[in-house]
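Colleague: Sequence first, predicted coordinates after that:
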Amino acid sequence: MIHDLKPYPAYKDTGVRWLGAVPEHWAVKRLRNAAEMRVSNVDKNLTDDERPVQLCNYVDVYKNDRIRGRMPFMRATATLEEIERFHLKPGDVLITKDSEMWNDIGVPALVETSGDDLVCGYHLALLRPFKNQVLGGFLFRSFQSTGVSYQLHTEANGVTRYGLSQGAIKSVWLGLPPLPEQTAIVRFLDHADLRIRRYIRAKQKLVKLLEEQKQAVIHRAVTHGLDPNVCLKPSGVEWLGDVPEHWAVKRLKWVTRLQRGYDLPADSRVPGPYAVVSSGGIIDYHCEPRSRGPGVVMGRYGSTDAVFFIQEDFWPHNTALFVTDFQGNRPRWCYYLLRTISKADHAGKSAVPGVDRKDLYQIMVPVPPVSEQDVLVVEIETESADLDKAISSANHEISLLSEYRTRLIADLVTGKLDVREAAASLPDETGEQERILDDAGPFIEDDPEDDDLGLEAALEEVEA
């Protein structure tokens, strides 16, 4: 279906660089002329003289395309005036108005259903469309587009945290077709998005299974070796069980020495060749290394089970721990060892779990002779080679599908393709949309047979 789409018959120049030419009959307006904007000041505090409410927070918007009244929201309190002003209504669009990164700002979510006590929380802007100008669904898709994102990213200001002023948000340019045409565009995008996200979900599930299989290979090699006939001895450690009798069992502090990474605010980074490694991996590059490669870095907060092997010299970020001394052991084997132990069991109980190196040092770990460490690393990487290829291929397909989705949204909300006729022939998928949106996890429900379908099949179904 998508490959049959054609441009509109006539266009006009908007004079807006990111928008370019739009269909001749479309209007071009700033957001202030299409929707009302309200910036919330409702915080998370509980106050005795205020009324209890459900609070739609920054994270609810950042992690969900759609806001629905039966989602698990935080409990808070608000004044009657705040409830009246920031109560959410179906068709409202919420956007994040600040972020730690300038290019991760203005993330939208569409309010599909609400509740009597559901209000917009702090750090969010509430956009309420003027009924004769724009539909909530079309405004939501417009804010998902690269063009609107570009406008917001260039207006973001700040040093360690970036924010959008009310004036910057209100000044966003939008291409606005007539309301029936907005309905058609939203209908078509919802139809296509449903299929694209289903295939992304299937590939994400496949990646997860492959990574679990790889982790099983690593765990077996690190804890028991790869010789099924080796003589074993009790380790005395519950999580280890029996280990080869010629291996040592030591506390982690006698195997690797860990240190917390260094502070490096974004505004202090001078671009250079050395990787800055956080708990989430490489976040950018800086001119000065603080550790020589190869090295091992692991998450200290949030992603406590994340472990990275860094070949080159690098800067370990303060959200991470890094190995300063391998104490005669092979760096690559230590990397696999740290991937095997469960850091989460030693993480602090808080909203953002964290690990302390002193707690990690107490973990009992198996230690094979150094010569055997070399053999184990080779065996792990040989057994994992096909798994790594499959993971890389699936991630590449996810990336291509995500790029395709982004381009499709941008093309349709700027009028590059005409979907009016195609949208009219689509089936009603309201029930299926609701089933997907009700899935609170990071993945989207899919049919079991989807797991074996690749990029070509995904695009064929989108175009069907």
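Modeller: The structure has been received and is ready for your questions. Numbering: from 1, shown residues only.

Colleague: got a list of what Arg300 touches?
Modeller: Listed by Cβ atoms under 8 Å, 6 or more residues apart in numbering, the contact partners of Arg300 are Arg260, Gly261, Ser279, Asn318, Thr319, Ala320, Leu321, Gly354, Val355. C-beta here means a position set from N, CA and C on the backbone, and glycine is covered the same way.

Colleague: Please identify which pair of those residues lies farthest apart.
Modeller: Using Cβ to Cβ, the contacts of Arg300 span at most 13.8 Å, a distance reached by Asn318 and Val355.

Colleague: okay, the two: which has more neighbours?
Modeller: Neighbours were counted for Asn318 and for Val355 using other Cβ atoms under 10 Å; Val355 has more, 21 against 15.

Colleague: Would you list the phi and psi of that one?
Modeller: phi -120, psi 150 (degrees, to the nearest 10).

Colleague: can you offset everything so residue one is 18?
Modeller: Yes, from this point I'll number from 18; that puts the last item at Val372.

Colleague: Could you list the low-confidence segments of the protein?
Modeller: Within the chain, the stretches with pLDDT under 70 are 18-19, 177, 319, 360-370, 446-481.

Colleague: domains of it?
Modeller: Domain ranges of the chain: 44-193, 223-394, per automatic domain parsing.

Colleague: Relative to Arg424, which of those is closest?
Modeller: Per Cβ to Cβ, nearest to Arg424 of those: domain 44-193, 8.1 Å.

Colleague: For the closest one, give the distance from the opening residue to the closing one.
Modeller: Using Cα to Cα, to the nearest Å, the end-to-end distance of domain 44-193 comes out at 5 Å.

Colleague: Next, Ile299: phi, psi?
Modeller: Backbone torsions of Ile299, given as degrees, to the nearest 10, read phi -70, psi 120.

Colleague: Do I have it right that it meets Ala292?
Modeller: Yes. Taking contacts as Cβ atoms under 8 Å, Ile299 lies within contact range of Ala292: 4.7 Å.

Colleague: Which parts of the stretch 218-367 of the chain are helices?
Modeller: All helices of the stretch 218-367 of the chain, identified by DSSP state H, counting those that start in this stretch, fall at 348-357.

Colleague: let me redo that: the stretch 68-217 of the chain
Modeller: If DSSP H, counting those that start in this stretch is used as the criterion, the helices of the stretch 68-217 of the chain fall at 75-80, 97-103, 153-161, 163-172, 183-187, 196-241.

Colleague: Deepest in the core, which of those is it.
Modeller: Highest mean neighbour count of the helices of the stretch 68-217 of the chain: helix 153-161, a mean of 25 (counted as mean count of other Cβ atoms under 10 Å).

Colleague: Touching it from outside, list them.
Modeller: Outside helix 153-161, the residues within contact range by Cβ under 8 Å, 6+ apart are 51-52, 82, 107-110, 112, 123, 125-128, 144, 146, 165-166, 191-193, 199-200, 202-203, 206-207, 426, 429-430.

Colleague: if you set the cut-off to 6 Å instead, what comes out?
Modeller: Gly108, Val110, Pro125, Leu127, Pro146, Val165, Leu191, Gln199, Val203, Leu206, Ile426, Val430 (Cβ atoms under 6 Å, 6 or more residues apart in numbering).

Colleague: Between those, which sits nearest Arg178?
Modeller: For the contacts of helix 153-161, the nearest to Arg178 is Pro125 (19.5 Å; Cβ to Cβ).

Colleague: Tally up the residues packed near the closest one, please.
Modeller: 22.

Colleague: Please name the bridge partners of Arg268.
Modeller: Judged by DSSP bridges, the bridge partners of Arg268 are Met381.

Colleague: Which one's more surrounded, Ile299 and Ala292?
Modeller: Using other Cβ under 10 Å as the criterion, Ile299 and Ala292 rank with Ala292 on top: 24 against 14.

Colleague: measure the more buried one to Ala411 for me?
Modeller: Counting by Cβ to Cβ, to the nearest Å, the separation of Ala292 from Ala411 is 25 Å.

Colleague: any chance of the helices of the stretch 68-217 of the chain in JSON lines, with distance to Val39 too?
Modeller: Shown next, in JSON lines, are the helices of the stretch 68-217 of the chain (distance: least, Cβ to Cβ, whole Å):
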{"stretch": "helix 75-80", "distance to Val39": "28"}
{"stretch": "helix 97-103", "distance to Val39": "33"}
{"stretch": "helix 153-161", "distance to Val39": "12"}
{"stretch": "helix 163-172", "distance to Val39": "11"}
{"stretch": "helix 183-187", "distance to Val39": "20"}
{"stretch": "helix 196-241", "distance to Val39": "12"}
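
Colleague: Could you say which one of these comes nearest to Tyr318?
Modeller: helix 75-80 (16.0 Å).

Colleague: hmm, back to that, pull out the buried residues from the contacts of Arg317.
Modeller: Applying 16 or more other Cβ atoms under 10 Å to these, the neighbour count classes Gly278, Ser296, Thr336, Ala337, Leu338, Gly371, Val372 as buried.

Colleague: Which members of these are positioned in strands?
Modeller: Ala337, Leu338 (DSSP state E).

Colleague: Among the buried ones among the contacts of Arg317, which one sits closest to Asn174?
Modeller: Thr336 (24.2 Å).

Colleague: Who are the contact partners of that closest one?
Modeller: Applying Cβ under 6 Å, 6+ apart, the residues contacting Thr336 are Ser295, Ser296, Arg317, Tyr318.

Colleague: need the contact list for the first one.
Modeller: By that I understand Ser295. Going by Cβ under 6 Å, 6+ apart, the list of residues near Ser295 reads His334, Thr336, Ala337.

Colleague: Which one of the helices of the stretch 68-217 of the chain lies nearest to Arg356?
Modeller: Of the helices of the stretch 68-217 of the chain, nearest to Arg356 by Cβ to Cβ is helix 196-241, at 5.8 Å.

Colleague: Mind giving me the packing neighbours of that closest one?
Modeller: Applying 3 or more Cβ pairs under 6 Å, 6 or more residues apart in numbering; DSSP states H and E, we find helix 196-241 packed against helix 153-161, helix 348-357, helix 387-430, helix 437-441, helix 472-480.

Colleague: can you count the residues close to His42?
Modeller: Using other Cβ under 10 Å, His42 has 13 other residues around it.

Colleague: what about it, distance to Gly32?
Modeller: Separation of His42 from Gly32 (Cβ to Cβ): 17 Å.

Colleague: next one: Pro107
Modeller: Applying Cβ to Cβ, the value for Pro107 to Gly32 is 34 Å.

Colleague: cool, Arg218 as well?
Modeller: 41 Å.

Colleague: coming back round to it: what's the most distant pair in the contacts of helix 153-161?
Modeller: Top of the distance list for these (Cβ to Cβ): Gly108 and Ile426, 18.7 Å.
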